[in-house]
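Enquirer: I would like the atomic coordinates for the input below:
(chains A and B)
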2 protein chains.
Amino acid sequence: MKLTDLPTPCLVLDRPILRANLDMMAVAVGRLGVALRPHMKTAKSIDVARLALSRPQVQTQGITVSTLAEAEYFFGHGITDILYAVGITPQKLNRVAALNTSGAAIMAITDDLDMAEAIGAHPTGARTLIELDCGESRGGIDVDGDVLLDIAAALGNRLAGILTHAGHSYGGRTIEAMAAIAETERRIAARGAARLRAAGFACPIVSVGSSPTALHATSLEGVTETRPGVYMFGDLFQAQIGTVNADHLAVSVLASVIGRRKAEHRIVVDAGGIALSKDRSTEAAPDDWAFGRVLDIDGVARFGRAVVRRANQEHGVIDLDPALPFPPLRIGDRLRILPNHVCMTAAAHDRYFVVDGGRDVTDIWLRVNGW
Amino acid sequence: MKLTDLPTPCLVLDRPILRANLDMMAVAVGRLGVALRPHMKTAKSIDVARLALSRPQVQTQGITVSTLAEAEYFFGHGITDILYAVGITPQKLNRVAALNTSGAAIMAITDDLDMAEAIGAHPTGARTLIELDCGESRGGIDVDGDVLLDIAAALGNRLAGILTHAGHSYGGRTIEAMAAIAETERRIAARGAARLRAAGFACPIVSVGSSPTALHATSLEGVTETRPGVYMFGDLFQAQIGTVNADHLAVSVLASVIGRRKAEHRIVVDAGGIALSKDRSTEAAPDDWAFGRVLDIDGVARFGRAVVRRANQEHGVIDLDPALPFPPLRIGDRLRILPNHVCMTAAAHDRYFVVDGGRDVTDIWLRVNGW
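Expert: The predicted model follows:
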């Protein structure tokens, strides 16, 4: 099967690029001397997880997931050590507990005292990390507040450690800025662990990480593991903040030309807002690619600065490069579109069509979507 | 089963509101004396289609779809008269032809002379409408150009009529503006049909429509059918351009509280960018609801102006109303979030949990996603 045979729109995953990205992060985290707990929220595929967990350059320690559907899927494929890194609720704790009773070792996170009491009182429950806020202002408590020790006490023997996430690293625009955010992330996590230990609590796990901070941290002293995810694939946004090489974007959307508008120097493709997502991450980046950058079927930038300007539900309207002549494309010809934010784009698709740099589809890897 | 039992995030569909919206459009289109060919791109559900097709106030004529996955699904559920209203490609024509050989009557659309020749030469193929541009500048040819007659000739006995879509009606902000766009849509379609007939071609179908123009048209003389879709559910954007009543939004995302940030007057829920979509339609509307408007579990606006300010992959960060005290919500409590653009939001979910105004789940209706 070749790319020209596939129904469009669909996802294409370039395996050599994926491997190169996995190696890049494995080297970076390996040098820092902490474990890599890859976050599977982007890839949601056991095949990708197996590659991410088998890099020789780094010690790995289980996986991270963003949904319980992922937890169930990866446990069903033999991975037991799983960190569910979104704040747990009472109902979800029951679902996690059922999996743990079946042999999984799923850990939860919380930043809430009432929830910690519910976890501590649960007959099976889950080992739990306390979430600290290191500047993202989304989840997590203040590392210096009294509630840290109250939550630890409420968790009792379910307490497994500390977690923080420097999601605000996506706002960094230089390597120095990323390194500074990574240092704050490390410092907050290590301080939380020190406070717990000083109060007599065990804190075996000290977990940090986003792709930018995992890559650009200069030290992870006091940390035990990091949880990057989007580095596996990369996207137009991550390339601009230095997480991946701009020519190392592993996933693109294969689309077919469905309209030619020569007078407007535009073409229309069958990848619209659902297939690409409506994410506009690059709006805040130096180079704004609207809803995606347009390459030819081989992933070559043959069309200059061609971008998906409009993304209606099933229509992508592409502004062609004004410096280039109208390309000799026919209805049904294939293009590849690089996404703004690959986590969001991939979420609309149920599988990857894997290529090894060419047009031959060498594997089909399924994803686990939903909740 | 009750809303409090459901895993979150998930879609809630309020059936009485859906019925009211279906009746509103049925009355509007019935008065115009044309057939309603409801567009199933929003609902993607046979259960919703059956309700939309059974309104006594209007004559219906098949359905419209936006993907071939929808076409296959609805044909599998017994609907044969289907218009696939996205420009066809050679590969998709083969897929449509296979369905038509099996008893479906799927029509295609094209605005391309080469493609029209391929359709005309195909051994089975599909009856095809010629797409005209009435101002949206996405698909369709100029109604007055020579190519209209060239495409008609190339299609030969596959020619079934004319189609146009005033998607730019979403840019209208008054009833008068909508009515004017609807009149342009009607005039262009009728003129295309007249040109075809004057040249000796049959043109049995003259198809127009978006929800705003179907609702606000004052005459559809010369038109045979209209294709609204989003009116069934409505959303925060459509409510502001007058397509649906603001208290008649049929679909919301049920979410659980996963974090409480009293110091920032915020809560965090488990409906993020995937569950809500990253669509920001209301950014261009008078009232910008960021990534969604937050109601209580019963769909009541108990929290004043509470909006989802940030939508990360699985986290929605809600800014609470500064004029109201911090609400007595606990971790795991349920909220309902109204979407910016329901077509995009629903696309992330595989089913609707149907309620009849209360908290009891009275039905589960599946959706057909993907391509």
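
Enquirer: for residue A:213, helix, strand, or coil?
Expert: helix (DSSP: H, G, I helix; E, B strand; the rest coil).

Enquirer: didn't it look like it was pressed against residue A:185?
Expert: Yes: look at residue A:213 against residue A:185 with C-beta atoms under 8 Å: they come within range, at 5.3 Å. C-beta coordinates here come from the backbone N, C-alpha and C atoms, glycine included.

Enquirer: so what sits against both of these two?
Expert: Contact criterion C-beta atoms under 8 Å, 6 or more residues apart in numbering or on different chains; residues shared by residue A:213 and residue A:185: A:166, A:169.

Enquirer: Counting neighbours, go ahead and name the busier of the two.
Expert: residue A:213 (32 against 29; other C-beta atoms under 10 Å in any protein chain shown).

Enquirer: Identify the residue nearest that one in space, chain neighbours excluded?
Expert: residue A:182 (3.7 Å; C-beta to C-beta, 6 or more residues apart in numbering or on different chains).

Enquirer: Quick check: pLDDT value at the one you found.
Expert: Residue A:182 carries a pLDDT score of 95 in this model.

Enquirer: cool, residue A:170 as well?
Expert: For residue A:170, pLDDT reads 82.

Enquirer: packing partners for the biggest strand by length in chain A?
Expert: As assigned by DSSP state E, the longest strand anywhere in chain A is strand A:251-261. The contact analysis (3 or more C-beta pairs under 8 Å, 6 or more residues apart in numbering or on different chains; DSSP states H and E) places strand A:251-261 against strand A:10-14, strand A:266-269, helix A:273-276, strand A:334-338, helix A:342-346.

Enquirer: Include mean neighbour count and mean pLDDT when you put these into CSV, please.
Expert: CSV is the format used below for the helices and strands packed on strand A:251-261 (neighbours: other C-beta atoms under 10 Å in any protein chain shown; pLDDT from 0 to 100):
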stretch, mean neighbour count, mean pLDDT
strand A:10-14, 23, 98
strand A:266-269, 25, 98
helix A:273-276, 27, 98
strand A:334-338, 25, 98
helix A:342-346, 27, 98
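
Enquirer: Same list, these, but as a markdown table with distance to chain B please.
Expert: Shown next, in a markdown table, are the helices and strands packed on strand A:251-261 (distance: least, C-beta to the nearest C-beta, whole Å):
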| stretch | distance to chain B |
| --- | --- |
| strand A:10-14 | 7 |
| strand A:266-269 | 6 |
| helix A:273-276 | 5 |
| strand A:334-338 | 10 |
| helix A:342-346 | 5 |
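
Enquirer: and residue B:4, which of these is closest to it?
Expert: helix A:342-346 (29.0 Å; C-beta to C-beta).

Enquirer: partner strands of the next helix or strand along the chain from the closest one, parallel or antiparallel?
Expert: Later in the chain than helix A:342-346, the nearest helix or strand by DSSP states H and E is strand A:351-355. Next to strand A:351-355 in the sheet, as set by DSSP bridges, lie strand A:10-14 (parallel), strand A:361-366 (antiparallel).

Enquirer: Contacts for strand A:351-355, please.
Expert: A:3, A:6, A:10-15, A:45, A:251, A:254, A:346, A:361-367.

Enquirer: Tell me which stretches of the stretch 151-300 of chain A form helices.
Expert: For the stretch 151-300 of chain A, the helices defined by DSSP state H, counting those that start in this stretch cover A:175-198, A:211-216, A:236-240, A:273-276.

Enquirer: for the last one, packing partners?
Expert: It stands for helix A:273-276. Counting by 3+ C-beta pairs under 8 Å, 6+ apart, helix A:273-276 packs on strand A:251-261, strand A:307-311.

Enquirer: go with 10 Å
Expert: strand A:251-261, strand A:307-311, strand A:316-319, strand A:334-338, helix A:342-346, helix B:342-346 (3 or more C-beta pairs under 10 Å, 6 or more residues apart in numbering or on different chains; DSSP states H and E).

Enquirer: Can you pull out the low-pLDDT segments for the stretch 251-371 of chain A?
Expert: The stretch 251-371 of chain A contains no residues with pLDDT under 70.

Enquirer: Against chain B, how distant is the nearest residue to residue A:104 once chain neighbours are set aside?
Expert: Using C-beta to C-beta, 6+ apart and skipping residues adjacent in sequence, the residue nearest residue A:104 is residue A:75, 4.5 Å away. Per C-beta to the nearest C-beta, to the nearest Å, residue A:75 is found 17 Å from chain B.

Enquirer: Same question for residue A:299.
Expert: Residue A:299 is 20 Å from chain B, by C-beta to the nearest C-beta.

Enquirer: So what's the residue count around that residue?
Expert: 21.
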